[in-house]
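>>> pasting a predicted model and its sequence here:
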Amino acid sequence: MIRFEKVTKTYPGTSQPALDQVSVDVEKGEFVFLVGTSGSGKSTALRLVLRETRPTAGRVYVAGKEINRLAGWKVPRLRRQIGTVFQDFRLLQTKTVAENVAFAMEVTGHSPKEIRRTVPATLELVGLSDKGDRMPDELSGGEQQRVAIARAFVNRPMILIADEPTGNLDPATSVDIMKLLDRINATGTTVVMATHDHGIVDQMRKRVIELDTGRVVRDEARGVYGFQH
Ligand SMILES: Nc1ncnc2c1ncn2[C@@H]1O[C@H](COP(=O)(O)OP(=O)(O)OP(=O)(O)O)[C@@H](O)[C@H]1O
C-alpha cells in the first residue's frame with residue numbers, strides 16, 4: 001500500500017537529510033507505529049506519502065503508483081484516499097460537529113442525500129451520536145479528536161495517517177482514541193501513526209518502525225517503543 005524505495009529527503013538550505021535512503025513496505029491493512037526522537041524524520045515521511053513534499057532521491061509508491069510522477073491535477077484524488085489526523089485536531093471552529101464531518105464529503109463531491117445518510121452513521125461509529133449539533137469548542141479534547149477521526153474516515157480512505165494523535169490527550173482518553181483507530185484499521189484501512197507515546201506503543205504491540213536521524217534503525221512486528229525520550 002505504501003512503499004519507500006531508497007527515499008532521501010534533504011530540505012533546501014540544510015545539509016543533513018531529514019530522511020536518508022529509507023526503504024520500507026507497508027501492506028494493505030497493516031497498523032504501523034513510526035517512532036523516533038524529535039527531528040528523526042517521522043513527519044517528513046508522512047508528508048511524502050501525501051505528496052506535501054517530494055523526495056530528493058528515491059521513490060514513494062502509494063497503492064502501486066509512484067506518486068512523485070503523478071500529474072498535479074491527480075494529487076487531490078490521491079489525498080482524498082488518505083485520511084489525516086493531527087495532534088491539534090484542526091477542526092473548523094465555525095461549523096458544528098456534524099458539519100465538520102459533512103464538509104469532508106461535500107468537498108469530495110458527495111450528494112446531500114449520501115451526506116445525510118453517512119454522517120450520522122460515522123458519528124455513531126466514533127461514539128458522538130448525541131453531539132452532532134455541538135460546536136468544536138464545546139467538546140473535550142478527546143471528543144474533538146473523535147470528530148477529526150470521523151472526518152478522516154467518512155470517505156473510507158485506504159490509508160489513515162495520524163501524526164501524534166494522542167499528543168494532547170490524557171492517558172485514558174488516549175486509550176479510547178487508540179481503540180477507535182484499531183477499529184478503523186479492522187475495516188481494512190491501513191494506519192500509519194507517528195507517536196512519542198510509549199504507553200500506547202507498548203500496549204498495542206503493532207509493527208514499529210524506528211527512525212534515527214533519517215534512517216530506519218528498527219522495523220519490528222509486534223514491537224515496543226524501545227527507547228528513552
Ligand atoms: N520545511 C522544512 N525545512 C527545513 N528543514 C525541515 C523542514 N521540515 C523538517 N525539517 C527538518 O527535517 C528533520 C526531520 O524533521 P521531521 O519534522 O520530519 O521530524 P519528526 O521526527 O517528525 O519530529 P517531531 O517528533 O518533533 O515531530 C529535522 O531536522 C527538521 O528540522
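Structure received.

>>> flag the shaky bits of this protein, pLDDT-wise.
229 (pLDDT under 70).

>>> can you map out the strands along it?
According to DSSP state E, the chain carries its strands in the segments 2-9, 19-26, 31-35, 57-62, 65-66, 82-86, 159-163, 190-194, 207-212, 215-220.

>>> note down every partner strand of the second one and its orientation.
Looking at strand 19-26 with DSSP bridges, its partner strands are strand 2-9 (antiparallel).

>>> buried ones in the partner strand?
Using 16 or more other C-beta atoms under 10 Å as the test for burial, strand 2-9 gives 2-5, 7, 9. No exception for glycine: its C-beta is placed from N, CA and C like everyone else's.

>>> about what we covered before: using CSV, lay out the strands of the chain together with distance to the ligand.
CSV is the format used below for those (distance: least, C-beta to the nearest ligand atom, whole Å):
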stretch, distance to the ligand
strand 2-9, 8
strand 19-26, 8
strand 31-35, 8
strand 57-62, 14
strand 65-66, 21
strand 82-86, 11
strand 159-163, 7
strand 190-194, 6
strand 207-212, 6
strand 215-220, 12
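
>>> closest one to residue 112 among those?
Among those, strand 82-86 comes nearest to residue 112, with 21.7 Å by C-beta to C-beta.

>>> now do that closest one against strand 159-163, angle only.
Interaxial angle of strand 82-86 relative to strand 159-163 (axes from the mean of the first three to the mean of the last three C-alpha atoms, to 10 degrees): 20 degrees.

>>> next, the angle strand 190-194 makes with strand 82-86.
Using the same axes, to 10 degrees: strand 82-86 against strand 190-194 is 30 degrees.

>>> which outside residues touch strand 82-86?
49-50, 62, 145, 148-149, 151-153, 155, 157-165, 189 (C-beta atoms under 8 Å, 6 or more residues apart in numbering).

>>> and the angle from it to strand 57-62?
100 degrees.

>>> pairing partners for strand 82-86, with directions?
Strand pairing for strand 82-86, using DSSP bridges, gives strand 159-163 (parallel).

>>> give me every residue in the chain lying close to the ligand.
11, 14, 18, 36, 38-44 (C-beta under 6 Å from any ligand atom).

>>> can you pull the contacts of the spatially most central residue of the chain?
The centre of the chain sits closest to residue 161, judged by C-alpha atoms, centre = their mean, with a distance of 1.4 Å. With C-beta under 8 Å, 6+ apart as the criterion, the residues that contact residue 161 are 46, 49-50, 82-85, 192-193.

>>> go again using 10 Å as the cut-off
Contacts for residue 161 (C-beta atoms under 10 Å, 6 or more residues apart in numbering) come out as 2, 34, 45-47, 49-50, 82-86, 152, 190-194.
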